[in-house]
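Peer 1: Kindly return the folded structure for what I paste below:
(one chain, ligands or ions: 1)
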Amino acid sequence: MELLESIINRRTHRESFLDENISTVHLNHLIEAARWAPSPFNVQPWHLVVITTSQKKRAIGKLTANAIIEQFGDPEFLDDNSRWMRSSIEEWVDCEDGVLLQDQVNVPVGLSKPSVLKPVIKHASHFSKLGKFGGGKPAEETENLINCAPMLLAISMDRNRKPPGAGHLRWMWLGMGAMIQNILLAATELKIGSQFISAAIERTSDREKLSKILDLPSWHEVISLLRIGYLEKHNANENTTRSFRSVRRKTTDFVSYETYSQKKADEIKESSPA
Ligand SMILES: Cc1cc2nc3c(=O)[nH]c(=O)nc-3n(C[C@H](O)[C@H](O)[C@H](O)COP(=O)(O)O)c2cc1C
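Peer 2: Predicted structure coming up:
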């Protein structure tokens, strides 16, 4: 697969994976991709915990489910989320950003019409009153996805491996992002799907619990959690099903030349051969 093809084809996989363990050869391939990521001063601050045992998956699944239930009980969190929730494919394509609600949770049939769903999303904060009942279903779904994933990758950052300068954390985070993207792209090439599971990474208290489950040393900060597994063989309508669709802003919307407001490139002069 061409690199650009892998970049464009990579999708967040929010469904179950094939019931097949990731082979050692493929795992080593992902780890090697991670290893060669750039980082400030080549500090390589990352650590990967590869999780395949059901005991650890269950502990992480439970922690994540509890975090989701708490988030659904928080009106501010729901309100903040709703800004990026789209109620229909048409709205999503039109906005060119955000996520489709029905890709995130199984929306009850009675609510699935955009005319019903849009106002529901707009007033999402009211759902906090449902407490456990509001978050129970999405929490259960995510917990199942975690428990059934062939592999989880927990990613932490070694704060002792800090580059010089007051802004060291910022540079370390950029390196972590580059490393994670290397894994995602290497996985795409191998028909391995991935999903960030961030609910238990959001709050300090949950990150501490996750660190405990993983037995991380105190100088490590947990950064990310990924579900990993082989994808179903691609089918004919792969670009329209839940795990194969996404949207992006047009390049003209986020690229400018020389200054922020110049939308068109000056004519690029070809340098003549010496
Ligand atoms: C830092 C980060 C955290 C994310 N957390 C989650 C998450 O908790 N659950 C989820 O389903 N997707 C998560 N995503 C995936 C994004 O929702 C997804 O990348 C975006 O909607 C674009 O879709 P695509 O990856 O399919 O192109 C996360 C992505 C990033 C980079």
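
Peer 1: Pretty sure Ile192 sits against Gly229.
Peer 2: Yes. If you go by C-beta atoms under 8 Å, Ile192 and Gly229 touch, sitting 6.9 Å apart. Using the backbone N, CA and C atoms, a C-beta is placed for each residue, glycine as well.

Peer 1: shared neighbours, those two?
Peer 2: Counting by C-beta atoms under 8 Å, 6 or more residues apart in numbering, the residues touching both Ile192 and Gly229 are Ile22.

Peer 1: And the helices in the chain?
Peer 2: Counting by DSSP state H, residue ranges of the helices within the chain are 3-9, 24-35, 54-72, 75-82, 89-95, 101-104, 114-122, 132-148, 168-189, 204-214, 251-254.

Peer 1: Quickly note the distance from Leu152 to the ligand.
Peer 2: Going from Leu152 to the ligand by C-beta to the nearest ligand atom, to the nearest Å gives 13 Å.

Peer 1: got a pLDDT number for that residue?
Peer 2: For Leu152, the model assigns a pLDDT of 98.

Peer 1: quick one: the helix or strand of the chain with the lowest mean pLDDT to helix 75-82, angle?
Peer 2: Here the helix or strand of the chain ranked lowest by mean pLDDT, DSSP states H and E is helix 114-122, holding a mean of 82. Comparing the axes of helix 114-122 and helix 75-82 via axes from the mean of the first three to the mean of the last three C-alpha atoms, to 10 degrees yields an angle of 140 degrees.

Peer 1: which stretch among the helices of the chain comes nearest Ser261?
Peer 2: Nearest to Ser261 among the helices of the chain is helix 251-254; the distance by C-beta to C-beta comes to 12.7 Å.

Peer 1: got the contact list for the closest one?
Peer 2: Glu96, Lys263.
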